[in-house]
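J.: the following block contains a protein sequence and its predicted model.
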Amino acid sequence: MPGAEVVIPRPQARTVYRRAATLMRAHAAEVIGLAAVVLVPFAVIDALGLLHVELSGENVAADIVTLALTLVASGLSGLASIFYAGILDHASAAWHRGEDAPAAREVARTLPWGRLVWLSVLASIFYAGILDHASAAWHRGEYAPAAR
């Protein structure tokens with residue numbers, strides 16, 4: 001059912017992007033509507049800074065709960081992006097064949113949720129570690145702009 005079944009003769013980048021743009025324009029309401037439902041809530045949470053937390057170290061149990069909830073929220077945001085990409089993949093393949101897009105529920109049933117959750121959480125931890133390292137280096141002055 002996903003896009004791998006679609007065969008485009010002479011698949012050059014220009015051809016692929018042109019076909020994708022044509023499909024997305026023809027089905028803009030579905031593409032934008034799904035993005036509004038799946039991605040916008042997480043964008044709002046991010047814009048409001050609700051995932052920006054600082055651990056005080058005074059109450060270890062509260063810090064652990066805060067960290068766990070932040071990782072779960074960040075992981076869910078990653079899953080939403082993956083789910084949106086999967087829906088678009090299935091929908092674009094169906095549209096290319098002249099069929100109706102499958103329902104989100106139908107696509108959701110085919111996804112390997114266990115692996116996706118673990119990969120999303122691991123990615124969140126990885127990115128948090130990189131950001132923490134970069135922030136610490138910035139505060140130590142290691143990333144200061146070069147003097148002119």
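T.: Structure received.
J.: longest helix in the chain, by residue count?
T.: In the chain, assigned by DSSP state H, the helix with the most residues is helix 60-96.
J.: give me the buried positions along that helix.
T.: Buried residues in helix 60-96, counted by 16 or more other Cβ atoms under 10 Å: 70-71, 73-80, 83-84, 86-96. Heads up, the C-betas are built off the backbone N, CA and C, glycines and all.
J.: do stretch 45-59 as well
T.: Using 16+ other Cβ under 10 Å as the test for burial, stretch 45-59 gives no buried residues.
J.: next: stretch 112-130.
T.: For stretch 112-130, by 16+ other Cβ under 10 Å, it's Leu116, Ser120, Val121, Ser124.
J.: got the angle between the helix or strand containing the second one and helix 60-96?
T.: Ser120 is part of helix 113-140, with elements assigned from DSSP states H and E. Helix 113-140 and helix 60-96 are oriented at 120 degrees to each other (axes from the mean of the first three to the mean of the last three Cα atoms, to 10 degrees).
J.: many thanks, have a good one.
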